[in-house]
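Undergrad: Sequence first, then the predicted structure:
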Amino acid sequence: MSHLMQPRIVLLREGTDSSQGKGQLISNINACEAVGSILKTTLGPCGMDKLIHEGQKSTITNDGATIIKLLDIVHPAAKTLVDIAKSQDDEVGDGTTSVCLLATEMLRQIKPFVEDGVHPQIIVKGFREASTAALNKLKELSIKIDRNDPGKLREMLLKCSSTALNSKLISGYKNFFAEMAVDAVLQLEDASTPITIKKVAGGSATDSFLVEGVAFKKTFAYAGFEQQPKSFKAPKIVCLNVELELKSERANAEIRISDPSQYQSIVDAEWNIIYDKLDKIHKSGANIVLSKLPIGDLATQYFADRDVFCAGRVPQEDLERVAGATGAVVQTSLQDLSASVTGSCGYFEEKQIGAERFNCFTQCPKHKTASIILRGGAEQFIAEAERSLHDAIMIVKRAVVHQTVVGGGGAIEMELSRYLKHYAKTIKSKIQLIITAFANALEVIPRQLSENAGFDSTDILNKLRTAHANGQTWAGVDIENESICDSFERFVWEPTLVKSNAIAAAAEAACVILSVDETVKNPESQGLNDNRPVKP
């Protein structure tokens, strides 16, 4: 009886779910495979789109990062895939589906070893060695483009941009948008400068155009606005954070007067204050006045009478972009509107685009920037086109910085797989089997490209293995002819950074998941039903 009265040691709350051991590891791998099975059909030029309902909103996309974000995954291990998709999107901009597929396939290939009792740390060690070997070989295989030759550089960027757009909803317009993405990036002085994409419903996708400068949507304006000039050559630009509006005096102050005639002097003083502000702006020689705060009907008419363009309630982001591009300094006071704080540009124009008006500042001298006006019919189409164009722009930016490319279409994955299988034979320990599994996992990219195109993936992969064994380094999947082709000669190029980041991130995610041997979930405590004393 004495052992029944022993105090009970409570480590975890009652109701806490604790899973550990081999079963937990297999469960985590299965959860990641479930996510991979959703994403795999979106890969490549023939990938399918996903329609995701979120409340009243519907999203049509085949972008891996967008899908995985909208899925709202709750499984703790599968959330690792969300992290690597996000990191790939932030770091490179494309290859989010590939990185998730690689991670899930690595786990799938290694699952039999886990079931057979191989220790996870041995698998992790093998994965890290395989990843290092693959990245070194990738660096060796990559082809550098001479940046000093503008023609070759532009050709490389166009091919990389076209390859990124191949699998997107706007692939039918890939040449049009590839040119636009390359022109936008080459317009920048610094590749890290963001390119703004503005969406305007209506028209065709080919009505989209590039503004070599800053463009933003026309803000709310009063009646006198239509009398203002809508274009300037070499204008002086003033950017303000000052309100130019006549407020009702009773809304802001309580005034006590002994003589009714004093009331008029107070009203006159308010009018004098705002006219003094407007006169200072006009005397500065400004042709364009932008303000983050409202510009009222009095100020609007004042500027219209003097052939000055004004816009109030300009969003902070757009005001900062105009200031940075034109050299203007945002002012919170009107006491010193000298030439040193005013900006300029080559040409300003207010343009009608569909049902919207846009203010466009081009030929900006200080900081080169670019804006893209995106057109299209359905809202979902424009949103997906924006995501697709963002991926293409990010790819071009990375290619400009790193200037090395590899063949796409599954070619580089097959070559790395072949290399790792030979490399594994030089290792005597059981890690040889792990590296071989890693090599087999890389084949998921060409296999899935073939399956999504409706081809016999086994037949295509056998042809690719034979071609790479015979020294055809850039043999990849030929989507058009249901065969294989030299992806480099067919200009299916991708920046090396896309592949290196995907392999490194996928291997690291697989290692993290394999390192977890216990999952503890702590729900709300429901109280202890056991009345025995708890040992202090």
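TA: Structure's in. What do you need?
Undergrad: drop to CA atoms for contacts and neighbour counts, all remaining ones
TA: Fine.
Undergrad: The helix or strand harbouring R375 packs against which elements?
TA: Here R375 is covered by strand 371-376, with elements defined by DSSP states H and E. With contacts taken as 3 or more C-alpha pairs under 8 Å, 6 or more residues apart in numbering; DSSP states H and E, strand 371-376 sits against strand 196-201, strand 209-211, strand 213-217, helix 379-402.
Undergrad: Including mean pLDDT and distance to S344, could those go into CSV?
TA: Compiled in CSV, these are given as follows (pLDDT from 0 to 100; distance: least, C-alpha to C-alpha, whole Å):
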stretch, mean pLDDT, distance to S344
strand 196-201, 88, 20
strand 209-211, 90, 16
strand 213-217, 90, 12
helix 379-402, 86, 27
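Undergrad: Tabulate the CA atom coordinates of the helix or strand where I281 lies in CSV.
TA: In this structure, I281 sits in helix 261-283 according to DSSP H and E. Coordinates of the C-alpha atoms in helix 261-283 are reproduced here as CSV (Å, rounded to 0.1, in the frame of the first residue of the first chain):
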residue,chain,number,x,y,z
SER,A,261,-16.1,93.9,-34.5
GLN,A,262,-13.2,92.0,-33.0
TYR,A,263,-14.6,88.8,-34.6
GLN,A,264,-13.7,90.0,-38.1
SER,A,265,-10.1,90.7,-37.1
ILE,A,266,-9.8,87.1,-35.9
VAL,A,267,-11.2,85.7,-39.1
ASP,A,268,-8.9,88.0,-41.1
ALA,A,269,-5.9,86.8,-39.1
GLU,A,270,-6.6,83.2,-40.1
TRP,A,271,-6.9,84.1,-43.8
ASN,A,272,-3.7,86.1,-43.5
ILE,A,273,-1.9,83.1,-42.1
ILE,A,274,-2.9,80.7,-44.9
TYR,A,275,-2.2,83.3,-47.6
ASP,A,276,1.2,83.9,-46.1
LYS,A,277,1.9,80.2,-46.4
LEU,A,278,0.7,80.1,-50.0
ASP,A,279,2.7,83.2,-50.9
LYS,A,280,5.9,81.7,-49.6
ILE,A,281,5.4,78.6,-51.7
HIS,A,282,4.6,80.6,-54.8
LYS,A,283,7.7,82.9,-54.2
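Undergrad: Find the least confident helix or strand in the protein, judged by mean pLDDT.
TA: helix 249-252 (a mean of 51; mean pLDDT, DSSP states H and E).
Undergrad: next one: the strand holding R375 to chain centre, how far?
TA: Offset of strand 371-376 from its chain centre (C-alpha atoms, centre = their mean, to the nearest Å): 17 Å.
Undergrad: So what's the model's average confidence on that strand?
TA: When the per-residue pLDDT values of strand 371-376 are averaged, the result is 89.
Undergrad: got the angle for it vs strand 196-201?
TA: 30 degrees (axes from the mean of the first three to the mean of the last three C-alpha atoms, to 10 degrees).
Undergrad: which other residues reach strand 371-376?
TA: 184, 195-215, 382, 385-386 (C-alpha atoms under 8 Å, 6 or more residues apart in numbering).
Undergrad: how close does E451 sit to F177?
TA: Spatial separation of E451 from F177 under the definition C-alpha to C-alpha, to the nearest Å is 27 Å.
Undergrad: So which of those two has more stuff around it?
TA: A count of neighbours by other C-alpha atoms under 10 Å puts F177 above the other of E451 and F177, at 27 against 20.
Undergrad: Name all residues that make contact with that one.
TA: L389.
Undergrad: can you pull the buried residues of the helix or strand containing it?
TA: In the assignment (DSSP H and E), F177 maps to helix 174-187. The neighbour-count check on helix 174-187 (16 or more other C-alpha atoms under 10 Å) flags 174-186 as buried.
Undergrad: Ok, stretch 65-77 next?
TA: Of the residues in stretch 65-77, those buried by neighbour count under the rule 16+ other C-alpha under 10 Å are A65, T66, I67, I68, A77.
Undergrad: of these, closest to V99?
TA: Distance to V99 across the buried residues of stretch 65-77 (C-alpha to C-alpha) is lowest for A65, with 10.1 Å.
Undergrad: give me the low-pLDDT residue ranges for the stretch 401-536 of the chain?
TA: For the stretch 401-536 of the chain, residues meeting the criterion pLDDT under 70 lie at 520-536.
Undergrad: related to what we said a few turns ago, so which of the helices and strands packed on strand 371-376 has the densest surroundings on average?
TA: Greatest average neighbour count among the helices and strands packed on strand 371-376 goes to strand 213-217 (a mean of 25), per mean count of other C-alpha atoms under 10 Å.
Undergrad: Just want the angle from it to strand 196-201.
TA: In this structure, strand 213-217 runs at an angle of 40 degrees to strand 196-201, with the same axes, to 10 degrees as the basis.
Undergrad: partner strands of strand 213-217, parallel or antiparallel?
TA: Sheet pairing here is set by DSSP bridges, and for strand 213-217 it gives strand 356-362 (antiparallel).
Undergrad: what comes into contact with the partner strand?
TA: Outside of strand 356-362, the residues that reach it under the criterion C-alpha under 8 Å, 6+ apart are 200, 211-218, 322, 345-352.
Undergrad: And for stretch 416-427?
TA: 130, 133-134, 137-138, 431-433, 435-436, 438-440, 442-443, 465, 468-469.
Undergrad: Check G354 and give its pLDDT.
TA: Note on G354: pLDDT of 83.
Undergrad: Spit out the contact partners of the closest residue to it other than its chain neighbours.
TA: Using C-alpha to C-alpha, 6 or more residues apart in numbering and skipping residues adjacent in sequence, the residue nearest G354 is G202, 6.3 Å away. For G202, the contact set (C-alpha under 8 Å, 6+ apart) comprises G354, R375, G376, G377, A378.
Undergrad: Who does G202 form a beta bridge with?
TA: G202 has these beta-bridge partners by DSSP bridges: G376.
Undergrad: Over to V214?
TA: Residues in a beta bridge with V214, per DSSP bridges, are F361.
Undergrad: doesn't A323 make contact with it?
TA: No. Counting by C-alpha atoms under 8 Å, V214 stays clear of A323, with 9.9 Å between them.
Undergrad: Just give the closest residue to I431, not the sequence neighbours.
TA: Once its chain neighbours are removed from consideration, I431 has its nearest residue in G126; the separation is 5.2 Å (C-alpha to C-alpha, 6+ apart).
Undergrad: Which of the helices or strands spans that neighbour?
TA: The secondary structure element spanning G126 is helix 120-141 (assigned by DSSP H and E).
Undergrad: Can you list the strands that the helix or strand following that helix pairs with?
TA: Elements were assigned by DSSP H and E; along the chain past helix 120-141, the next helix or strand is strand 143-144. Sheet partners assigned to strand 143-144 using DSSP bridges are listed as strand 404-407 (antiparallel).
Undergrad: Pull out the buried residues from the helix or strand just after the strand it pairs with.
TA: Stepping forward along the backbone from strand 404-407, the first helix or strand reached (DSSP H and E) is helix 411-424. When burial is assessed from 16+ other C-alpha under 10 Å, helix 411-424 yields the following buried residues: 411-421, 423-424.
Undergrad: what sits up against the helix or strand just after helix 411-424?
TA: Scanning forward in sequence from helix 411-424, with DSSP H and E defining helices and strands, the next element found is helix 431-442. Contacts to helix 431-442, defined as C-alpha under 8 Å, 6+ apart, come from residues 102, 105-106, 109-110, 122-123, 125-127, 129-130, 413-414, 416-418, 420-421, 424-426.
Undergrad: Brilliant, that's me finished.
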